[in-house]
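# got a predicted structure here, sequence first:
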Amino acid sequence: GQLLASGSLDKSIKLWNVQSGACVRTLKGHTESVFSVSFSPVGKLLGSGGYDKSVKLWDTQSGASVRTLTGHADFVESVSFSRDGQLLASGSLDKSIKLWNVQSGACVRTLKGHTESVFSVSFSPVGKLLGSGGYDKSVKLWDTQSGASVRTLTGHADFVESVSFSRDGQLLAS
């Protein structure tokens with residue numbers, strides 16, 4: 001990648017040229033703060049989520065808002081693309097995770113199992129696993145095809161702000 005995306009409390013998303021440090025484009029369309037951004041694997045799309053309870057898909061070349069995905073009842077804290085770019089996961093303060101079909105914009109599955117807000121979602125780079133972490137101090141692993149919670153990992157003394165898989169998918173950091 002040549003681009004870095006940032007989401008801000010000023011309701012905007014900025015795309016930065018990594019080499020020059022220049023702001024290439026400012027994306028506007030969220031009506032509240034933007035809390036998460038994620039590039040699709042190919043990099044032509046950007047997903048974003050924020051305090052307006054929406055998930056947006058953006059064309060990174062034109063800067064156009066391609067689609068707005070609605071359905072969360074509270075703030076969207078995290079978004080993450082699947083490795084094939086076909087799904088976008090969103091985690092929300094409404095305690096749910098939604099899996100969106102990127103092409104159609106349809107919510108294909110809602111994952112429920114966290115007892116409090118979901119702060120972070122991350123797709124495994126291999127297979128069909130999704131990791132999530134939240135206010136309930138737990139980390140969960142989900143089968144994205146069935147929607148089943150595969151495993152709940154506990155051990156944090158406070159809420160889990162972020163989860164991320166290793167490149168080979170064998171480790172999940174939280």
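Everything's here; your move.
# who are the packing partners of the helix or strand hosting Phe35?
Using DSSP states H and E, the element containing Phe35 is strand 34-39. Secondary-structure packing of strand 34-39 (3 or more CB pairs under 8 Å, 6 or more residues apart in numbering; DSSP states H and E): strand 3-7, strand 12-17, strand 45-50, strand 76-81. In this view, the C-beta of every residue, glycine as well, is placed from N, C-alpha and C.
# so what are the sheet partners of that strand and their directions?
strand 45-50 (antiparallel) (DSSP bridges).
# returning to what we had before: for the strand holding Phe35, C-alpha coordinates in PDB please.
Provided in PDB are the C-alpha atoms of strand 34-39 (Å, rounded to 0.1, in the frame of the first residue of the first chain):
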ATOM      1  CA  VAL A  34     -15.600   7.900  12.500                       C
ATOM      2  CA  PHE A  35     -14.100   5.200  14.800                       C
ATOM      3  CA  SER A  36     -12.800   2.600  12.400                       C
ATOM      4  CA  VAL A  37     -11.500   2.300   8.800                       C
ATOM      5  CA  SER A  38     -10.400  -0.800   6.900                       C
ATOM      6  CA  PHE A  39      -9.100  -1.300   3.400                       C
END
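# find the residue at the geometric middle of this structure.
Most central in the chain under CA atoms, centre = their mean is Val79, positioned 0.8 Å from the mean C-alpha point.
# what bridges to that one?
With DSSP bridges as the rule, Val79 is bridged to Ser90.
# wait, it sits on Gly47?
Yes. Using CB atoms under 8 Å, Val79 is in contact with Gly47, at 4.3 Å.
# overlap in contacts of these two?
Ser36, Val37, Ser38, Val55, Leu88, Ser90 (CB atoms under 8 Å, 6 or more residues apart in numbering).
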